[in-house]
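**Student:** I would like to see how this sequence folds:
(3 chains)
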Amino acid sequence: MRAMLLRPAASLGLLLVIAHVLIAIAAPWIAPFAPTSLLDTPLEPPNATYWLGTDDLGRDAFSRLLWGGRVAMLVAFSAGAVAVLGGALLGLSAAYRRGSFDDVLLRLVEMKLAVPTILFVAIFVTGFGQSVPVLIVAVGIIQMMGVVRTTRAAGIVLMEQGYVRAAQLNGESGPTIILRDLLPNVADLMAVEFALRASSALLLVSALSFLGLGISPPTPDWGLMVEDGMALLESEPALVLAPALCIATLVLGINLAAEGLADALGLDAARGGSG
Amino acid sequence: MIYLILRRGALSLATLFLLASFIFFATEVLPGDALDVSLSADELAMMPPEVLARRKAELGLDRPILERYLSFLGGLLTFDLGRTIITRAAVADIVTMPLRNSLALAGVTLLLALPVALAIAMAAAHAKGRVLDNAVSGAAIIGYSIPEFVTGLLLIAVFAVWWPLFPATVTASTDDPLGVLLAAAPLAIATTIIGSIAYLGRILRVGLIEVMASDFVERLHLSGIPRWRILWLHALPAAMIPGLSAAALYAAALVSGVVVVELVFAYPGIGAELVRAVTRREVHVVQAIALAAAICVVLFNLVADLSIAALDPRTRR
Amino acid sequence: MPLGWMQHEAAVAEPVLQVRDLSIAWRGPDGRANRVVDGVSFDLAAGATLGIAGESGSGKSTLARALLGHCRTGSTISGGSIRLNGDDLVALSAPDLARRRGRVMAMVPQNPLASLTFHMTVGRQLQEVLRLRAGLSDKAARLRALELFDQMGLPEPEQLMGRYPHQLSGGQRQRVVLACAIACDPLLLVLDEPTTALDKTTEAQVLELIRRLRSARQGAMVIVTHDLNVVADICDRVLVMQHGRIVEQGPVAEVFVSPREAYTRLLLGAALRVEEASRAKPAAPGQALLEITGLGFRYARPSILRRIAPGPPILEDIGLTLAQGEVLGVIGESGSGKTTLGGIVTGLLTADTGRVVFDGAALAARRTPEQRRRIQMVFQDPLSSLNPRRRVGDSVMRPLRLFQGLDQRAASRRAAELFEQLGLEPELLSRFPRQLSGGQQQRVAIARAFAAGPDLLICDEITSALDASVQAQLLDHLAAIQRRQGTAMLLITHDLSVVWRMARRVVVMRGGRILEAGETEVIFRSPTNPYTAALLGAATRAARAGHPELIEANG
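**Tutor:** Modelled structure (predicted):
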């Protein structure tokens, strides 16, 4: 952790992430207005009361901006956690069992990667509704594939280690070996993967909201705000650029932190997983 | 070698078959069929049940699922992708041109992005650790951190609104010749290129740096072989092998990934069609598009695998 | 600085290489600089061969590269001079150095497979050196390349030129890399561990080739190795390094026969001397504990989506017996199947044919917990033997709790006992593996194995990853605890001196078969099999250096 902070880029990244998270948590208290209440005439330019003006329905854009990251971050970080935990267990199990289980899993992962992301989520969402838990599961499953591949690769190397073979020799059970010997030794990898998957998930969630397949109105969300304001780019640029910048800086922050973390841990962050 | 191609090809076909089946069942599982969605709630309530049943029978929505599955597979083999529910238009007609347009966008992007990414990666690997390298890495991280629709909108804001140099949205239509279409979408192409260069450049750079640190590069260096020669003739081919594989996988993702850019710029590609079809529950259109995308992915994977086998002598024998 | 070595003889005649006070510093991630090479000075005459001997961490590889003016990223030459033919390499610019590399000075790197470009044919790589460094035309380069391949003893040069590095054997690759290095007949040729990755038969051939080259060339040769037998074979002078410093140097005959420094004596003490009595204790007569008959094994991994043709037999018709409390040595090089044998006995692998009978009961693929407890194993790499995320005490206590059902306190006490028996302080129980030295890690692994209270212990190359100075100590501790517990041991190794020290009986394996079996003293002193004889010849060179009568007798 200390080594990571020594790198300026990583520290900047961490700062950005922390700032965003704090703002999102504190939004209910620091936002001047409620994000969903219709307050005034629509499309007012930025002024003293409404720092970013009002949106097309008359809501305060600034308050919506402060609230906008909450759901997206919740989904992204939860999906990241789902992806990393589920992916690690699957990947390590595949590395442990090898044989048919491994082959089938690999084929499934390849197949899953072939299904276009947007479509996969679309199917989920139309099938199970557009709620937050559904989004978390859908995005989590998509991100899981890359984690499965990297943890499986790491797991295969670990299986050759003396202490794992000693445990096998002594007849320790599969789950015991996976949980006691393999999992703790991929913890580093999992931390980096979590950051990378979370940033991927965030991009995906924003894109989905933008397409109307993600977070649904009236919940304030940056992706939705961009979609809403897109047509008004010329007249009210702030309505589009502010949320766009928020998304960009948060993702950038996570990626910088992830690179720094990977560097500090001696891992390679340029993995070819699915986006 | 031929044996390898045959085997991989067979595996790809099997994967495709499984994918098609998955797509079919996944889309058929969607609750509420197209008829429910296309008619308003009032109309549905007012329509007598027999009329409703007859309409459904006409559209083939009441057949058992297995029968539909088999006719789906049969249709695939004859390239008959069915008809849309609402307008009874041939799905193949609806999907073909947009698909062509998306493939063209993806293709042009890669064609332009790959060489640039390669050049950037080589420059950065050559100047490793120095200012140029760090600047390039920084730019790359920013490049792939920004969501594509943000990049697109920023480009519109700067180059279409403040300095009206380019059109903000694509004014050509779906069926226009590719040349006209692509010429009308400079900002869209720029958006996808930026993301691609950032992603590919980073992967290629890391690959190159790894290769430059390997033992055979050291031996060549200690033999007095000039550095540029080592880079071009020894290191670059070595790094290209995993690099090409990564590029092929990226290309596969690109075809469906351009959906967001298409919507921002109103580019007539399959992304827009897909979103439209999903909201209208046009099952056959969704299936067709999903299938097309899946074919692209499987195809590109196959190309990546085979190119590795062709380029890397270690995989033969 | 005492230059005693210089007073022993007149200054080396016409030194082609003069190194004075060379120091190389390496900057660690925390910013501190370590001296990897510290104040090294020596001369080397034309036509002479110098061996730089040392263990891992001695700085010999760094020194080898520095002789070509090259430092890996992170290290720099911090002082001293290297004069090659009068020019100080330390003071030269990069282009001047590049001009000399490959032509005036050349290096044969350590790992030939990794050192050759995998996507180019070997012929093309050699021709590249000839064209660019020797200035030959395309046609001339091709002819010369064929000549060189032939000189190196490579079969069918025409065909071989068109092959890729991975298609050649280890020995052939080494010859190719050698050819690239001597292409321009350099004044200084540096070889980094030229035979380490090769089996003993190939090693002998490559050493013979190097000997021929040496007499054919005018230039000087420097051979960097950890293997004193190699130094004894082809070097005239030797330089012993430790922690970056020169411990001792001089003519091989002198240094090897009467070493002055304690460290040199320690290194030479580990060399195999079959004239002396074996230190291995005979086993008390006991019943057979382990009986293996007709064991066979092929490597094939079943899976529904792949069909892999079964490969050549890894083991064929293996048979041996081991009595209770006895130590049996299993000698073999890589590819002999010795590790597979160990894997089958421990149950990690399943044999295709044959029987393994342990204490009267045939061992099946599924073992009973009692059987698992009674057969234990220690592996080659000490660091990977222990879970890096757990304290070493925990790793040792795990079998105690698993097999003996001891509670935390009882297990902790027993673990401390075992540590003491192996010469480890009980405080080390709470340390993590990375905080221990290699020797300590291996002793922890041994403690873990003995914690289960086994009747049979398989040791698979347990000293190979350790420095020579640590090996003897480890083996003594192992012998002590083995005698104390009365555990039978199967000692699998390629190192004959380990067997000589520990095992009264020995079995020699090659290519999956057993070539010879019998009493260690008998076989080592008069081997009947030519392969065993070659192994012994190579392993006893260091001991015989400087004794012409012994060299004559054993070849």
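
**Student:** Kindly state the domain boundaries assigned to chain C.
**Tutor:** Residue ranges for each domain of chain C read C:15-269, C:288-539, as given by automatic domain parsing.

**Student:** Those: which one's closest to chain A?
**Tutor:** domain C:288-539 (3.3 Å; C-beta to the nearest C-beta). Where you see a C-beta, it was placed from the backbone N, CA and C, and this is true even at glycine.

**Student:** who touches the residue in the stretch 151-275 of chain A that chain C sits nearest to in this structure?
**Tutor:** Going by C-beta to the nearest C-beta, chain C is nearest to A:Gly162 of the stretch 151-275 of chain A, at 3.3 Å. A:Gly162 makes contact with C:Phe379, C:Gln380, C:Asp381, C:Pro382, C:Ser384, C:Ser385, C:Leu386, C:Ala445, according to C-beta atoms under 8 Å, 6 or more residues apart in numbering or on different chains.

**Student:** before we move on, what about B:Tyr250?
**Tutor:** B:Ser196, B:Tyr199, B:Leu200.

**Student:** cool, and C:Arg217?
**Tutor:** C:Gly47, C:Ile182, C:Asp185, C:Leu189.

**Student:** swap in B:Val258?
**Tutor:** B:Ser102, B:Leu105, B:Ala106, B:Thr109, B:Thr192, B:Tyr267, B:Gly269, B:Gly271.

**Student:** Swap in 6 Å and give it another go.
**Tutor:** By C-beta atoms under 6 Å, 6 or more residues apart in numbering or on different chains, B:Val258 lies in contact with B:Ser102, B:Leu105, B:Gly271.

**Student:** Go through the residues you listed and name the one nearest chain C.
**Tutor:** B:Ser102 (32.5 Å).

**Student:** distance between the ends of stretch C:280-296?
**Tutor:** This stretch, stretch C:280-296, spans 30 Å end to end (C-alpha to C-alpha, to the nearest Å).

**Student:** same thing with stretch A:45-56?
**Tutor:** 11 Å.

**Student:** From the chain's centroid, how far away is that stretch?
**Tutor:** 30 Å (C-alpha atoms, centre = their mean, to the nearest Å).

**Student:** ok, now stretch B:162-177?
**Tutor:** The answer for stretch B:162-177 is 22 Å, by C-alpha atoms, centre = their mean.

**Student:** what's the answer for stretch B:177-188, then?
**Tutor:** On the basis of C-alpha atoms, centre = their mean, stretch B:177-188 sits 18 Å off its chain's mean C-alpha point.

**Student:** Assign the residue in the stretch 201-317 of chain B that chain C sits nearest to to helix, strand or coil.
**Tutor:** The nearest approach of the stretch 201-317 of chain B to chain C comes at B:Gly224, 3.5 Å away (C-beta to the nearest C-beta). Counting by DSSP: H, G, I helix; E, B strand; the rest coil, the backbone at B:Gly224 sits in coil.

**Student:** Could you double-check that it sits in contact with C:Ala98?
**Tutor:** Yes: look at B:Gly224 against C:Ala98 with C-beta atoms under 6 Å: they come within range, at 5.1 Å.

**Student:** Quick check: longest helix in the chain by residues?
**Tutor:** You didn't pick a chain, so chain A it is. helix A:61-97 (DSSP state H).

**Student:** my question was about chain B
**Tutor:** Criterion DSSP H: the longest helix present in chain B is helix B:91-126.

**Student:** Return the list of helices and strands in contact with that one.
**Tutor:** Counting contacts by 3 or more C-beta pairs under 6 Å, 6 or more residues apart in numbering or on different chains; DSSP states H and E, helix B:91-126 is packed against helix B:131-145, helix B:186-212, helix B:236-257, helix B:270-280, helix B:283-311.
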